[in-house]
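In: Kindly generate the corresponding structure for this input.
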Amino acid sequence: MFAMGLIAGIFGIIASILAMFIGGVDAAFSDSGTSQITGLAIAALLFSILGIVGSAFAKSKPKLSGWIMLISGIAGFISISLFYILSGVLFIVAGFMGILSKKKKIGSAV
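Out: Numbers count the residues shown, from 1 in each chain. Coordinates of the predicted model:
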């Protein structure tokens, strides 16, 4: 779960930087000189960083980690959609792994 979240976060950062580049090009060629894509890419970058932070809690608090990664995957996909498809899927899968995980009981006979 940790590795999947970390890989998703790295790919999310790369995707958001690519979206920022495209937003900059869009802003350069638009009449107003601004682009909405740049703001959404910054939001996706923040969600990628949040997902990496969530993956750091995978061992100690798997449920919290799962919810953080699930939120990061969905919100990042809403932000920059197709750019975030790989990261979004990895975050969502890792998030469900964390949410649905069961803690092992110490000293059980099973």
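
In: drop to CA atoms for contacts and neighbour counts, all remaining ones
Out: OK.

In: State the helix or strand in which L6 lies.
Out: Using DSSP states H and E, L6 sits within helix 2-29.

In: Check which helices and strands the helix or strand just after that helix sits against.
Out: Going down the chain from helix 2-29, the next helix or strand is helix 36-56, by DSSP H and E. Packing contacts for helix 36-56, counted by 3 or more CA pairs under 8 Å, 6 or more residues apart in numbering; DSSP states H and E, involve helix 2-29, helix 62-80.

In: now the longest one: mean pLDDT?
Out: Per-residue confidence for helix 2-29 averages out to 94 on the pLDDT scale.

In: Could you give the separation of that helix from the chain centroid?
Out: Offset of helix 2-29 from its chain centre (CA atoms, centre = their mean, to the nearest Å): 10 Å.

In: and that helix, what does it pack onto?
Out: helix 36-56, helix 62-80, helix 85-99.

In: JSON lines for the helices and strands packed on helix 36-56, including mean neighbour count?
Out: Shown next, in JSON lines, are the helices and strands packed on helix 36-56 (neighbours: other CA atoms under 10 Å):
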{"stretch": "helix 2-29", "mean neighbour count": "20"}
{"stretch": "helix 62-80", "mean neighbour count": "24"}
